[in-house]
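1. 3D, please:
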Amino acid sequence: MTKNKQFKSLLTQPNAFILPGAYDSMTARLIEEFGFPALYATGAGISNAQLGWADVGLTTVTEVAEIVSRMSDVTTIPIVVDGDTGFGNAINVLRTVKQLERAGASAIQLEDQVSPKKCGHFNGKEVISKNEMVNKIKAAVDARVDVNFSIIARTDAIAVNGLEDAIERANAYKEAGADVIFVEAPTTIEQMKAITAGVPNVPHIINLVEGAKTPLISLEEAQEIGFKIVLCANTVLRSAIKGVRESLKVLQRDGSQENIHDLICTWEERQQLFKLHEVKMWEEKYLKEHEVEEVQSK
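-> Numbering: from 1, shown residues only. Modelled structure (predicted):
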């Protein structure tokens, strides 16, 4: 089964699932290692980790596609890519979808914010018109090569125009061809219930950001409300930031690595994650025979 079909299958299974965010090939490997069925190439995480800047629309489609391609090379699970606003208008969306699909994405998330966008849990967001976003969704549907490539439509309208407009937009995006609906940043459980009830017969994403606008709920609770996907976009990134800070604190305090072992993985764990054993097998297969041939020819 292709990765695209794997993701489609996840959308039709009875149970909800957690979608953790990755910001590079290492975190993508780790997510697969722990048995998650898919991963999310987080736009905020890529901006934070690769550019060193906040999630305010600074990344380019070329940068994101390059990172997604690297993630795809080292994983076997579907990748959902944060495509922001599509990096422009509906014409840009055509190119964005084609580029990310070629890079190895199985789904793209497109949002209706004004470009340059902001993190969905920041204040001061603006949204484009419903009709403009509908045309972006239609362009994305037309641009995909594989019909199993999924289009995820996100609306940030709750914070700008209120819940009623967000639900109206979500239904319009569904009608335009979106495979999954993502209403960003509900602030109460009641709003969550209204979203899934108000936009029926389509899989829903809930984005749970620690310390932000949406109440944190469990996977079981999310499923009961009607969500298919629980997005934990930057939990991995934030744990990495804390881990690096703790290690640097010890190095600065002690001037030694003596007390750092509880904060880092072992040498063996590191090499296992990055497949050193596979590299050694390739060396035996492709390099040793070549060395023997060279010796024999002399």
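
2. drop to CA atoms for contacts and neighbour counts, all remaining ones
-> Fine.

3. any idea how far residue 105 is from residue 158?
-> Per CA to CA, to the nearest Å, residue 105 is found 28 Å from residue 158.

4. neighbour-wise, which of these two wins?
-> When residue 105 and residue 158 are compared on other CA atoms under 10 Å, the one with more neighbours turns out to be residue 105, at 27 against 18.

5. if I read this right, the more buried one contacts residue 80, doesn't it?
-> Yes. With contacts defined as CA atoms under 8 Å, residue 105 counts as touching residue 80 at a distance of 6.1 Å.

6. element containing residue 62, please.
-> In this structure, residue 62 is located in helix 61-73 according to DSSP states H and E.

7. so which elements touch that helix?
-> When contacts are defined as 3 or more CA pairs under 8 Å, 6 or more residues apart in numbering; DSSP states H and E, helix 61-73 sits against helix 25-33, strand 79-82, helix 90-103.

8. try 6 Å this time
-> Helix 61-73 sits against helix 25-33, helix 90-103, with contacts defined as 3 or more CA pairs under 6 Å, 6 or more residues apart in numbering; DSSP states H and E.

9. so which residues make contact with that helix?
-> Outside helix 61-73, the residues within contact range by CA atoms under 6 Å, 6 or more residues apart in numbering are 25, 28, 100, 103-104.

10. just name the closest of the residues you listed to residue 281, please.
-> Of all those, residue 25 has the smallest distance to residue 281: 21.3 Å, by CA to CA.

11. for the closest one, give me its contacts.
-> Neighbouring residues of residue 25 by CA under 6 Å, 6+ apart: 70-71.

12. so how far is residue 41 from it?
-> Residue 25 sits 10 Å away from residue 41, taking CA to CA as the criterion.

13. can you find the helix or strand of the protein with the lowest average pLDDT?
-> Comparing helices and strands within the chain by mean pLDDT, DSSP states H and E singles out helix 288-297 as the least confident, with a mean of 64.

14. from the chain's centroid, how far away is the helix ranked longest in the chain?
-> For the chain, the longest helix by residue count, based on DSSP state H, is helix 235-254. The gap between the average C-alpha position of helix 235-254 and the chain average comes to 23 Å, counting by CA atoms, centre = their mean, to the nearest Å.

15. does the residue most central in space within the chain count as helix, strand or coil?
-> Centroid check for the chain by CA atoms, centre = their mean gives residue 40 as the closest residue, at 2.1 Å. Under DSSP: H, G, I helix; E, B strand; the rest coil, residue 40 falls in the strand class.

16. residues contacting it?
-> With contacts taken as CA under 6 Å, 6+ apart, residue 40 has the following neighbours: 20-22, 79-81.

17. check which helix or strand the closest residue in space to residue 60 that isn't next to it in sequence maps to.
-> Take residue 60 and drop its neighbours on the chain: the residue closest to it by CA to CA, 6 or more residues apart in numbering is residue 87, 7.1 Å away. Secondary structure here is read from DSSP H and E; on that basis residue 87 sits in neither a helix nor a strand.

18. could you look up the SS state of residue 122?
-> With three-state DSSP as the criterion, residue 122 reads coil.

19. that older thread, residue 271: which of the contacts of helix 61-73 is nearest?
-> Ranking those by separation from residue 271, with CA to CA as the measure, puts residue 25 on top at 14.5 Å.

20. so what's the closest one scoring on pLDDT?
-> Here the pLDDT value assigned to residue 25 is 98.

21. next SSE after the longest helix of the chain?
-> Secondary structure here is assigned by DSSP H and E; on that basis, the next helix or strand after helix 235-254 toward the C-terminus is helix 267-273.

22. now do that next one: distance to the chain's middle.
-> Taking CA atoms, centre = their mean, one finds helix 267-273 lying 25 Å from the centre of the chain it belongs to.

23. give me the packing partners of that helix, helices and strands only.
-> Packed on helix 267-273, when contacts are counted by 3+ CA pairs under 6 Å, 6+ apart, is no other helix or strand.
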